[in-house]
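K.L.:
model this:
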Amino acid sequence: MTEGKPVVRSVHPADGITEAALLQAAAALERRSEHPIAKAILAAAAGLAIPEATDFQSRSGLGVTAKIGDREVSIGNRALFTSLGISTDAFADTIATLSNEGKTAVMVAEHDRLLGVIAVADAVKPTSKAAVARFKALKIETIMLTGDNRAVAEAVRAELGIDLAIAEVMPEAKADHIRLLQEQHKIVAMVGDGINDAIALTRADVGIAIGAGTDVAIEAADIVLVRSDLNDAVTAVELSKKTIKNVKSNLFWAFFYNIIGIPIAAGLFFPAFGLRLDPTIGSLAMSLSSVSVVLNALRLRRFKPTQMNQEKGR
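P.N.:
Numbering: from 1, shown residues only. Reported below is the predicted structural model:
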């Protein structure tokens, strides 16, 4: 739903800590990560001397801990520091303000002291709002599962018109939310692109991975989109509906033809009505029925997604 290219918007160091020192510590821990937020921090730290970090410990959905020399450094969200017993109260107002602005607060700590907060934000894709509207037109409920805090998630939900946003969700909990929906007899399609989405993609009735996503997500999905555009997920749903409709129409005409043609070809009506079918004519009719099914299926080549139809009508 977003560009997937977050950037550092602001840096808020603690007293006695410079912005450069805060970015250096953060970049040291994020150097090995492929996460978009890690890339944003590394870009913001470009030109700075990045120290070497060791003893990396990745905590899925929370952050990273490591050592820089003899210092124990941590970077991640508030839940990480709660689990480590590190207080974030000193930056409570800053974190609340950033959240209300729709920004993600990335916290950095050394031992049990918070060094500061880095504000990261990602822009919503211009096409995402249109995609959500198309889902609604198909009477499909939209739910956003995200590890971001509630304020950020709510800001994105309101901007895009999503029905429900469930925030601060751990990677394994995404699959649990999907299971709960399935227990309500709902058919669930999951769209994701990251390692954190792999379990949920497998759990969903239909897993849809973004082509530019991680290899793990692509392997776990049933459908892989070539472009990183949520509109393509809607198009996949529309095309599948058209395909099923086409299959049903082919089955109807095939059964209709056989119910009438087979009794005549077998001579069942000959004693009573003198009605029979020459074998040559029967073979030709059978071939023509197969051709009609193929021609009906070829109509799908003229399929156009609703977005393209709407743009043409403007």
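
K.L.:
the bottom helix or strand of this protein by mean pLDDT?
P.N.:
Every helix and strand of the chain was ranked by mean pLDDT, DSSP states H and E. The lowest is helix 306-312, at a mean of 56.

K.L.:
Would you map the strands across the stretch 151-300 of the chain?
P.N.:
In the stretch 151-300 of the chain, the strands defined using DSSP state E, counting those that start in this stretch lie at 164-166, 189-192, 206-210, 223-225.

K.L.:
Reformat those as CSV; add mean neighbour count.
P.N.:
Bear in mind the C-beta positions are built from the backbone N, C-alpha and C, glycine included. Shown next, in CSV, are the strands of the stretch 151-300 of the chain (neighbours: other CB atoms under 10 Å):
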stretch, mean neighbour count
strand 164-166, 16
strand 189-192, 23
strand 206-210, 23
strand 223-225, 17
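
K.L.:
Of the ones you listed, which is nearest residue 29?
P.N.:
strand 189-192 (24.7 Å; CB to CB).

K.L.:
Quick one: list the elements packing against that closest one.
P.N.:
Using 3 or more CB pairs under 8 Å, 6 or more residues apart in numbering; DSSP states H and E as the contact test, the elements touching strand 189-192 are helix 198-203, strand 206-210, helix 230-265.

K.L.:
Could I get these in JSON lines, plus columns for mean pLDDT and distance to residue 21?
P.N.:
Output for those, formatted as JSON lines (pLDDT from 0 to 100; distance: least, CB to CB, whole Å):
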{"stretch": "helix 198-203", "mean pLDDT": "91", "distance to residue 21": "36"}
{"stretch": "strand 206-210", "mean pLDDT": "90", "distance to residue 21": "36"}
{"stretch": "helix 230-265", "mean pLDDT": "87", "distance to residue 21": "39"}
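
K.L.:
out of those, nearest to residue 187?
P.N.:
Nearest to residue 187 among the helices and strands packed on strand 189-192 is strand 206-210 (7.8 Å), distances taken as CB to CB.

K.L.:
Show residues contacting that closest one.
P.N.:
The set of residues external to strand 206-210 that reach it, using CB atoms under 8 Å, 6 or more residues apart in numbering, is 187-193, 197, 200-201, 217-218, 220-225, 228, 233, 236.

K.L.:
mind redoing it with 10 Å?
P.N.:
Residues from elsewhere that reach strand 206-210 (CB atoms under 10 Å, 6 or more residues apart in numbering): 4, 178, 187-194, 197-198, 200-201, 215-230, 232-233, 236-237, 240.

K.L.:
Need the CA coordinates for it. PDB is fine.
P.N.:
The C-alpha trace of strand 206-210 is given here as PDB (Å, rounded to 0.1, in the frame of the first residue of the first chain):
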ATOM      1  CA  VAL A 206      -5.300 -17.500  -1.400                       C
ATOM      2  CA  GLY A 207      -1.800 -16.000  -0.900                       C
ATOM      3  CA  ILE A 208      -0.800 -13.200  -3.200                       C
ATOM      4  CA  ALA A 209       2.800 -12.000  -3.200                       C
ATOM      5  CA  ILE A 210       4.200  -8.800  -4.700                       C
END
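
K.L.:
just the angle between that strand and helix 230-265, please?
P.N.:
140 degrees (axes from the mean of the first three to the mean of the last three CA atoms, to 10 degrees).

K.L.:
Pull the number of nearby residues for residue 108.
P.N.:
29 (other CB atoms under 10 Å).

K.L.:
ok, now residue 31?
P.N.:
Residue 31: 17 neighbours (other CB under 10 Å).

K.L.:
hang on, the earlier thing: what's the closest of the strands of the stretch 151-300 of the chain to residue 303?
P.N.:
Closest to residue 303 of the strands of the stretch 151-300 of the chain is strand 223-225 (CB to CB; 16.0 Å).

K.L.:
Give me the sheet partners of the closest one and which way each runs.
P.N.:
strand 206-210 (parallel) (DSSP bridges).

K.L.:
what's the spacing between the partner strand and its chain's center?
P.N.:
When distances are taken as CA atoms, centre = their mean, to the nearest Å, strand 206-210 is centred 7 Å away from the chain's centroid.

K.L.:
Could you pull out the buried residues of the longest strand seen in the chain?
P.N.:
Ranked by number of residues, the top strand in the chain under DSSP state E is strand 113-121. By 16 or more other CB atoms under 10 Å, the buried positions in strand 113-121 come out as 114-121.

K.L.:
Cool, thanks, signing off.
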